[in-house]
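Asks: Turn this into a model:
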Amino acid sequence: MKRKRLAVFALIFLVGGLGWAGAQVLASGRGMQNFQQEREETVLYFSPEVFPDVEEIKEPTNLAFFSALTDKVASLKGRKVLRVDAMMSFEEISPEIIREYCKNNGASYAVLPRVKYFKVGFGKYVFSNQVVVSMKLYDAEGSLITETEYNTYRKNMRLLGSAENSVQVGTKGAINDLAKKLRKALRKAK
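Replies: Okay, the predicted model is just below:
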């Protein structure tokens, strides 16, 4: 009788432990499909092209851009961000370069950003705190999927605040717009 109870207890403990570890889900075919769908997608982000080309604003712009990017992507599941510290021309990029970077980094997508500051006044270095953040989304083969542009002045009517804050707001807005356009394109494809 004790052996029977011990065997039943061990069986319950073993099955419960396997259920907690998720082992039986991977054994079924449906579990493997879910496992493959839940794997992380890697998105490659290049350093943003900063316009105007003034060396003093590039580093703070990069810090603000990637700070907003990591904050935004942290809320998304199944996405992994890779940062590439390579400056690429926003207008003139070849699919071969995108394909090579994606292949070498195991990325599913690549995003090419640009941050454009508004220039006000007559001076050489007089800038507004308003920015336009543009992004182009490419697949791993180097084909352009979609592009977006987020103007912090037109979208939020931001008159006050720092330029770094405007870059962060613009980056988050551009990522949201990019996600909306991507979802719409995927719905049309189905």
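Asks: can you give me the helices in the chain?
Replies: Secondary structure of the chain (DSSP state H): helices at 2-21, 23-27, 29-37, 55-74, 95-105, 152-156, 163-189.
Asks: Now do the same for the third one: mean pLDDT, whole number.
Replies: Which is helix 29-37. Per-residue pLDDT over helix 29-37 has a mean of 41.
Asks: try the fifth one
Replies: Average pLDDT, helix 95-105: 94.
Asks: how about that helix: buried residues?
Replies: 97, 98, 99, 101, 102 (16 or more other CB atoms under 10 Å). In this view, the C-beta of every residue, glycine as well, is placed from N, C-alpha and C.
Asks: List just the nearest of the residues you listed to residue 152.
Replies: residue 98 (27.1 Å; CB to CB).
Asks: Please name the nearest non-neighbouring residue to the closest one.
Replies: residue 142 (3.9 Å; CB to CB, 6 or more residues apart in numbering).
Asks: wait, that neighbour sits on residue 103?
Replies: No. Assessed by CB atoms under 8 Å, residue 142 is found out of contact with residue 103, at 9.9 Å.
Asks: that older thread, rebuild the buried residues of helix 95-105 as a markdown table, extending it with distance to residue 137.
Replies: Shown next, in a markdown table, are the buried residues of helix 95-105 (distance: CB to CB, whole Å):
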| residue | distance to residue 137 |
| --- | --- |
| 97 | 15 |
| 98 | 10 |
| 99 | 14 |
| 101 | 14 |
| 102 | 12 |
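Asks: which pair in those spans the largest distance?
Replies: Longest span within those, CB to CB: 97 and 102, 9.7 Å.
Asks: Give the residues shared as contacts by those two.
Replies: Residues touching both residue 97 and residue 102 (CB atoms under 8 Å, 6 or more residues apart in numbering) are residue 142.
Asks: burial measure for residue 53, as a count.
Replies: Neighbour count of residue 53, defined by other CB atoms under 10 Å: 9.
Asks: where's it relative to residue 117, distance?
Replies: In this view, residue 53 and residue 117 are 11 Å apart by CB to CB, to the nearest Å.
Asks: now residue 170
Replies: As judged by CB to CB, residue 170 and residue 117 stand 10 Å apart.
Asks: Those two: which is more packed in?
Replies: Legend: neighbour count by other CB under 10 Å for residue 170 and residue 117, higher for residue 170 (30 against 20).
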